[in-house]
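Student: how does the following fold in three dimensions:
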Amino acid sequence: MNWQSWSLFLATEFALSLSPGPAVLLVLSQALTGGMVRGIGAAVGILAANVVWFTLSALGLGAVILAAGDLFTAIRWLGASYLLLLAVRSAWRACKPAAADSTDPRPARLTGGLGRDMLRGFVLQMTNPKALLFFVAILPQFIQPNDSLERQMLILGATSIAAEFPVLVLYSALAARARDATSNRQCARTIDLAVALLLAAAACGMALAG
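Tutor: Sure thing, here's the model as predicted:
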């Protein structure tokens, strides 16, 4: 792999990481409702799923999944349903009455530990059709036919994680900062409703993905 291809891949990966797709929206929702660490937990799960997609792409299985229309449709609807479930949970938190003895006006912290946050991120990314399209349609364009496929996939995988993780951490930090700035229950409800709308929009976008 030459430096030109690697640099172009790095720029592409960084630009895609900045775009507010399902992965970014999940990290934002986790951080808004649970704090920065919870957002980072989701980011780790997302990147773990990317490792799986890289492996499948290297084995040629990603193209098989994409070619199988029914399987691709199933993955797409699973991802959309999962995002919609998270949206409903966020909307429920916004609508339910606040506890009488609650002294923290910010959104209630999410149940479960970091393991659950990572699982949420992993499940989302594994059912994200945009991730599948990236690894099957875009990634091969950066592969050089005269070089070792395994070595190139290792380099591109490490580059992808190095480019995407700081972006997701930044999104998590900004969302957590917004969470900490809330000073009353109404602000907390507004944040939960905004998260619900964002996740629902992402679910609709995923459902309509061709």
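Student: only C-alpha atoms for contact and neighbour calcs from this point on.
Tutor: Will do.
Student: what's the neighbour count on Ile40?
Tutor: 27 (other Cα atoms under 10 Å).
Student: next, it: secondary structure please.
Tutor: Three-state assignment for Ile40 (DSSP: H, G, I helix; E, B strand; the rest coil): helix.
Student: does it touch Val169 like I think?
Tutor: Yes. Ile40 lies in contact with Val169 (Cα atoms under 8 Å); the separation is 5.9 Å.
Student: quick check: closest non-adjacent residue to Trp53.
Tutor: Leaving out its chain neighbours, the residue that sits closest to Trp53 by Cα to Cα, 6 or more residues apart in numbering is Phe135, at 6.7 Å.
Student: got a pLDDT number for that neighbour?
Tutor: For Phe135, the model assigns a pLDDT of 76.
Student: any idea of the pLDDT on the most centrally placed residue in the chain?
Tutor: The centroid of the chain falls nearest to Ala23 when counting by Cα atoms, centre = their mean (1.7 Å). pLDDT, Ala23: 86.
Student: just the pLDDT at the residue nearest to Ala131 when sequence neighbours are not counted, thanks.
Tutor: Spatial nearest neighbour of Ala131, excluding adjacent residues (Cα to Cα, 6+ apart): Gln125 at 6.8 Å. We have a pLDDT of 89 for Gln125.
Student: so what's Gln125 up against?
Tutor: Residues near Gln125 by Cα atoms under 8 Å, 6 or more residues apart in numbering: Ala23, Ile46, Ala49, Asn50, Ala131.
Student: so which of those residues are in helices?
Tutor: Ala23, Ile46, Ala49, Asn50, Ala131 (DSSP state H).
Student: least confident pick among those?
Tutor: Among the ones in helices among the contacts of Gln125, Ala131 has the weakest pLDDT, 78.
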